[in-house]
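Novice: below are the sequence and a predicted model; questions follow.
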Amino acid sequence: MTILYTTKVTATGGRKGTIRSEDGILDLKLALPKELGGMGGATNPEQLFAGGYAACFENALLRVARESGHRFADGDVEVVAEIGLSRNEADAFVLHAALAITLAGLDQAMAEQLVHGADAICPYSNAIRGNVDVTKTVRVR
């Protein structure tokens, strides 16, 4: 397998620390969310995962659409990722995800077909498949 891209991010201080990419472009403070007993006021791993998943899934969707002859304007596609944190039966922390996908200019069947195709090639979807419960809602406008 040929590696197409690699990056490194260093975390220090856990959920109350910082993260910094090797090139310095990503350099953020982290905070435990208020909902988990923290102070809030900074990003957290779940927000970062949600942002990455939404962006990656949208890009996969645009590729699948383009390959099937559909072109979208910037405002025609929206992917909202919601990442939740809970505990399983063994009291271990687990993630769950929900994707809300909105597409303009298609019928429902075609939109769902494109979303299915995007799910098949999105690296985030492939990484968590079988490990994280993911629900997808597809809406057309």
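Specialist: Okay, I see it. Numbers count the residues shown, from 1 in each chain.
Novice: regarding this protein, what is its longest helix?
Specialist: Criterion DSSP state H: the longest helix present in the chain is helix 45-67.
Novice: what about that one, average pLDDT?
Specialist: Across helix 45-67, pLDDT averages out at 98.
Novice: what does stretch 112-130 give?
Specialist: Computed over stretch 112-130, the average pLDDT equals 98.
Novice: confidence score at the residue in the chain sticking out farthest from the centre?
Specialist: Most distant from the centre of the chain: Ala90, at 25.6 Å, with distances by C-alpha atoms, centre = their mean. We have a pLDDT of 98 for Ala90.
Novice: now do Arg141
Specialist: In this prediction Arg141 is given a pLDDT of 96.
Novice: for it, which non-adjacent residue is closest in space?
Specialist: Of all residues not flanking Arg141 in the chain, Ala104 sits nearest, at 5.2 Å (C-beta to C-beta, 6 or more residues apart in numbering). Every C-beta, even on glycine, is put in place using the N, C-alpha and C of the backbone.
Novice: can I get the longest helix of the chain as CSV, trimmed to CA atoms?
Specialist: Extracted in CSV, the C-alpha atoms of helix 45-67 (Å, rounded to 0.1, in the frame of the first residue of the first chain):
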residue,chain,number,x,y,z
PRO,A,45,-11.1,15.8,20.9
GLU,A,46,-14.7,15.1,20.1
GLN,A,47,-15.1,18.5,18.3
LEU,A,48,-11.9,17.9,16.4
PHE,A,49,-13.1,14.4,15.3
ALA,A,50,-16.5,15.8,14.3
GLY,A,51,-14.8,18.5,12.2
GLY,A,52,-12.5,16.1,10.5
TYR,A,53,-15.2,13.5,9.8
ALA,A,54,-17.6,16.1,8.4
ALA,A,55,-15.0,17.6,6.1
CYS,A,56,-13.6,14.3,5.0
PHE,A,57,-17.1,12.9,4.3
GLU,A,58,-18.2,15.9,2.4
ASN,A,59,-15.1,15.7,0.2
ALA,A,60,-15.8,12.0,-0.4
LEU,A,61,-19.3,12.8,-1.3
LEU,A,62,-18.2,15.5,-3.8
ARG,A,63,-15.9,13.0,-5.4
VAL,A,64,-18.5,10.3,-5.7
ALA,A,65,-21.0,12.9,-7.1
ARG,A,66,-18.4,14.2,-9.7
GLU,A,67,-17.6,10.7,-10.8
